[in-house]
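**Student:** One predicted model, sequence on top.
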Amino acid sequence: MDDPDQSPAPTRSLKTSVGPSTVSAYLDPLYWDKRFSSEEHYEWLKDYSHFRHLIQLHLQPVSSSSVLELGCGNSQLSEELYNDGITDITCIDLSAVAVDNMQKRLLSKGIKDIKVLEADMLDLPFTRESFDVVIEKGTMDVLFVNSGDPWNPRPETVNKAMAMLQGVHRVLKPDGVFISISFGQPHFRRPLFEAPEFTWSIEWNTFGDGFHYFFYILKKGRRTMDSEGCSEKFDIPSICLYQEELDNEDYLFRTNVEEL
Ligand SMILES: C[S@@+](CC[C@H](N)C(=O)[O-])C[C@H]1O[C@@H](n2cnc3c(N)ncnc32)[C@H](O)[C@@H]1O
């Protein structure tokens, strides 16, 4: 999104017309339907090229993995994964318009293998232990708009986030991996990821220039007493936005979640 050569972003006029007047709209399915009716492509956070190295570092071998993407929107993530050799991909989104558009777009590119379904990530319609990998980019963050004090989010927010995580944990295979690509900082995400019912270990990396994004890797069945360590535990970058990032990102969203 911030690199037009690698990921054509929608025009500013289009983006302006689809941006909401308040962040609460991000919690409204109708907002997404309306937005996707006019917006062809938008990458939240960064596009695949910025974190491909992290995917490849943590998912080996990737090609034989069955992958579930939560809240695909009109991102190109699934086709980028497909082009990297992962053919067993299922995308879901709450927005019927996003699903319809994604199905058409993939078919127009000759990609028939990727399944795209209308579904709620808070109530995943899959049997337990169905996927090697679950991935989301900016989708969990939506649950945190209007969450109140980030140190003490509203019970409704916590309940939704836990419903999502419980579903992800359930549909992951015993040694499956959940990848969460997020604005949310570790001191706000860890209390949720580390709930006692989850058996996954937790690591994270950052990527991006200026503003850093978080790439969480949760490996099911790997939780140990000392598995809460992480490569960048004490290295949480300060928030520093370049003007071009302010221009190119959906700033309204980020200003709301940047403390998460
Ligand atoms: C911030 S956008 C991220 C889109 C995409 N992942 C990307 O990186 O560009 C959030 C997406 O999540 C979808 N979404 C919101 N709530 C959802 C839910 N409960 N279940 C599934 N999808 C949801 C929205 O329709 C939207 O497509």
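**Tutor:** Looks like it came in fine.
**Student:** now the protein, which segments are flagged as low pLDDT?
**Tutor:** Applying pLDDT under 70 to the chain picks out residues 1-18, 60-62, 225-260.
**Student:** if you set the cut-off to 80 instead, what comes out?
**Tutor:** Counting by pLDDT under 80, the low-confidence segments of the chain come to 1-19, 21, 59-63, 210-211, 224-260.
**Student:** which bits of it sit near the ligand?
**Tutor:** The chain comes close to the ligand at residues 32, 42-44, 70-73, 75, 92-95, 98, 120-122, 137-139, 142, as judged by Cβ under 6 Å from any ligand atom. (Glycine included, C-beta is placed from N, CA and C.)
**Student:** Which ones among the residues you listed lie within strands?
**Tutor:** With DSSP state E as the criterion, strands contain 70, 92, 93, 137 from among the residues of the chain next to the ligand.
**Student:** Who is the closest residue to the last one other than its chain neighbours paired with across the strands?
**Tutor:** The shortest distance from residue 137 to any residue other than its chain neighbours is 4.1 Å, reached at residue 181 (Cβ to Cβ, 6 or more residues apart in numbering). Using DSSP bridges, the beta-bridge partners of residue 181 come out as residue 137, residue 215.
**Student:** Next, count neighbours for residue 181.
**Tutor:** Counted with other Cβ atoms under 10 Å, the neighbours of residue 181 add up to 26.
**Student:** for it, what are its contacts?
**Tutor:** The neighbours of residue 181, taking Cβ atoms under 8 Å, 6 or more residues apart in numbering as the test, are 45, 51, 135, 136, 137, 138, 213, 214, 215, 216.
**Student:** Show residues contacting the helix or strand containing the third one.
**Tutor:** Pointing back at residue 135 there. In this assignment (DSSP states H and E), residue 135 forms part of strand 131-137. When contacts are defined by Cβ under 8 Å, 6+ apart, strand 131-137 is touched by residues 44-45, 59, 64-71, 75, 77, 90, 121, 168, 171-173, 176-182.
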